[in-house]
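> Sharing a sequence plus its predicted fold:
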Amino acid sequence: MSEESVLYEVSDGVATITINRPKRLNALNVATVQRLRDLFQKAEQDDSVRVVILTGAGEKAFAAGADITEFQDKDSSTVRPLAENGQALCTYIESMSKPVIAAVNGYALGGGCEIAMACDIRYASANARFGQPEINLGIIPGFGGTVRLPRLVGLGVAKELVYTGDQIKADEALRIGLVNKVFDSVDALREGAMELARRLAKKPGVAIKLAKRSLNNSWVLPLKDSLEFEVDVFCEVFDTEDMREGVDAFLNRREPQFKHK
Ligand code: COA
């Protein structure tokens, strides 16, 4: 497959990963999912990258789901890797040490919605549409949609979305907590996502990593275990250079210069 199906660019400590199959509304074929995984790994391993933005090429789609043309010849004995690889990509994004912002610039359907949900923060343009339309193909979400959607928006709303397969507009996604912010245009979205990414890139990296881990734990672990974990990582950040710098900068009324150590 051509490497062009996903683009990768780094500037100001921000890696932008762009799904680039606009003629297919950035549908996620097997090769694209693999390429995304490789590029997220590249971003994770590059110390100069502090934040990742995931978006789609063009003005119409973030990703209109898994590539349906790859479904025709599949049955239960051959389809498993498709779901497992999609889930592995989402789990990888979620477990990365760096914040990942989904800049949703149009359709985020099926796997597109599922990947966006694995990101830390979702910003959307007003033309964005979210949904899990798998039911209309006689199937169900397989990249983690039945698991992450209810955690984000509540079980009742998630059931309605998954059972109907309906698309919702950006303002409705904002109302139910599926996105953090909506921008008037795709250009404004790209600018807004970059502005947030640049701000986060300046924050202390170890504290961001441990805060992300603790927040993620709160989603899946019992309260007691999550709270214990928070105490452990709260202690850990007190051994960082950035903690000394942050406290000293506050006490001396100056801007902190974090080194992510
Ligand atoms: N897989 C493969 N191809 C897809 C695709 C997908 N998930 N989504 C869109 N495409 C292709 C279309 O087949 C079409 O290809 P063509 O030009 O060769 O005919 C092209 O992308 C443009 O899509 P089109 O349907 O013509 O655009 P539209 O504006 O009329 O409709 C959608 C947009 C998103 C509503 C519609 O494409 C759609 O419903 N896509 C499938 C969404 C889905 O079910 N996703 C979950 C999959 S599990």
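Cool, the structure landed.
> what's the burial count for residue 162?
Neighbour count for residue 162, taken as other C-beta atoms under 10 Å: 20. All C-beta spots, glycine's among them, are computed from the backbone N, C-alpha and C.
> Looking at it now. What's its pLDDT?
pLDDT recorded at residue 162 is 98.
> what's the spacing between it and the ligand?
Per C-beta to the nearest ligand atom, to the nearest Å, residue 162 is found 12 Å from the ligand.
> Same check on residue 51?
If you go by C-beta to the nearest ligand atom, the gap between residue 51 and the ligand works out to 28 Å.
> which residue packs closest to that residue, ignoring adjacent ones?
residue 197 (4.3 Å; C-beta to C-beta, 6 or more residues apart in numbering).
> Which secondary structure state is assigned to the one you found?
helix (DSSP: H, G, I helix; E, B strand; the rest coil).
> Looks like it contacts residue 49 (just checking).
No: between residue 197 and residue 49 there is no contact under C-beta atoms under 8 Å: 10.2 Å.
> The two: which is more packed in?
residue 197 (25 against 16).
> which ones are touching that one?
Going by C-beta atoms under 8 Å, 6 or more residues apart in numbering, residue 197 touches 12, 14, 51-53, 99, 101.
> Quick check: which element contains residue 72?
Residue 72 is part of no helix or strand, with elements assigned from DSSP states H and E.
> scratch that, residue 75
Using DSSP H and E, no helix or strand contains residue 75.
> Look up phi and psi at it.
Dihedral pair for residue 75: phi -140, psi -170, per degrees, to the nearest 10.
> what about the residue in the stretch 101-250 of the chain positioned nearest to the ligand, neighbour count?
Residue nearest to the ligand within the stretch 101-250 of the chain: residue 110 (2.8 Å; C-beta to the nearest ligand atom). Using other C-beta under 10 Å, residue 110 is surrounded by 27 other residues.
> Excluding sequence neighbours, find me the nearest residue to it.
In space, residue 110 is closest to residue 65, 2.8 Å off (C-beta to C-beta, 6+ apart).
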